[in-house]
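Participant: Quick one, structure for this:
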Amino acid sequence: MKNIVLKLRAAPGCNGVSLYFTKWGCRAYPYGLVPGAQVCAMFVSKHESRSSSFTYFQTTEFTTIEVLHIPHTVDINTVSNTCSRPLASWGDICILGKDAEYAAAGSILWGTFSTIKILTLMATTSCSKCGSFFRSGCCVGCNLYPASPKLSVTAACCIEDSFGKILIFMKDDQVCQLLGLSKPYWDVLTKVISHDGSKIELPQSQWNPEDPIGKQVLQALLKTVEIRQLPFHILCRKMNVNKTDTMYADMPKLNCLQLQKPRPPFSFSVFKKGISQP
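Facilitator: Numbering: from 1, shown residues only. This is a model prediction of the structure:
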């Protein structure tokens, strides 16, 4: 595979320098790095050619590349090349950390994130027939057999990119997909939590071996999410800001409408203006 070469210029028409992506290993291609983007590259090594006719740079193990601005006229269709078919109806992609702060309440936004931290998660089980809660695997209301528990999960998550942090609220199927659970696994988790019958609130400061099995499983899954940091496409709506709500008041708040994994491989099929084709 050829190295990716990034041409850097202070302004259009100026002489540029080359940045070679070496020692990049398995690191992901910087999201948003397209021709014409404004970037900040740090911790790169400087080299001169053998004839000393030109200077070039190479990435190192400590290199960070931050995309500061993406032009609106780049003719690379990142949506159709990297997303599965349902995303075609989502509209134009945006940078959530940049656009969410200034979007009007009720606006629909979608973008990609890979850095997420689950701040709070709450799980409860109730009877799908009468709505009563469960105790020891049985409904305290209708107590019908077989039991039909329903698991309800809500989560408040913080996603972060180069432009800032955003508070995202998710529930049920969205949380299930974020945790990477299949439908059979979700059903088993529902039965396990229904046997305890209490409301589960996570995360907690330390691991407690005396916690119910359902709570221990959820806590382990939260830790896995933070370790894996898988990329997701997210469709969300900007929430109305309640001035009396002081919870993370400095962060834009979005309500998740749909969550979807990118279609592998996540790569651009077109490279131009200084970025070589691998």
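
Participant: from here on, contacts and neighbour counts on C-alpha atoms
Facilitator: Will do.

Participant: most centrally placed residue in the chain?
Facilitator: Residue closest to the average C-alpha location in the chain (C-alpha atoms, centre = their mean): Phe113, at 3.0 Å.

Participant: Give the bridge partners for Cys157, please.
Facilitator: Beta-bridge partners for Cys157, by DSSP bridges, are Ile118, Ile168.

Participant: shouldn't it be in contact with Lys117?
Facilitator: Yes - between Cys157 and Lys117 there is a contact at 5.6 Å, judged by C-alpha atoms under 8 Å.

Participant: Can you show me the helices along the stretch 101-250 of the chain?
Facilitator: 173-179, 183-196, 213-228 (DSSP state H, counting those that start in this stretch).

Participant: Which strands and helices lie in contact with the first one?
Facilitator: Spelled out, it's helix 173-179. The contact analysis (3 or more C-alpha pairs under 8 Å, 6 or more residues apart in numbering; DSSP states H and E) places helix 173-179 against strand 149-161, helix 213-228, strand 253-260.

Participant: ranking these by mean pLDDT, which is last?
Facilitator: Note on the helices and strands packed on helix 173-179: helix 213-228 shows the lowest mean pLDDT, a mean of 84.

Participant: That helix: which residues count as buried?
Facilitator: By 16 or more other C-alpha atoms under 10 Å, the buried positions in helix 213-228 come out as 214-216, 218-219, 221-222, 225.

Participant: looking at the chain, which helix or strand does the model trust least?
Facilitator: The weakest-scoring helix or strand in the chain, judged by mean pLDDT, DSSP states H and E, is helix 78-82 (a mean of 37).

Participant: Run through the stretch 101-250 of the chain and note the low-pLDDT ranges.
Facilitator: For the stretch 101-250 of the chain, applying pLDDT under 70 flags the ranges 197-198, 243-247.

Participant: Which among the helices of the stretch 101-250 of the chain is found nearest to Phe54?
Facilitator: Phe54 sits nearest to helix 213-228 of all these, at 40.7 Å, using C-alpha to C-alpha.

Participant: Columns distance to Leu6 on top of the helices and strands packed on helix 173-179, output as TSV?
Facilitator: Shown next, in TSV, are the helices and strands packed on helix 173-179 (distance: least, C-alpha to C-alpha, whole Å):
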stretch	distance to Leu6
strand 149-161	21
helix 213-228	28
strand 253-260	30
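
Participant: Indicate which one of those is closest to Lys238.
Facilitator: Comparing those by C-alpha to C-alpha, strand 253-260 comes nearest, at 4.6 Å.
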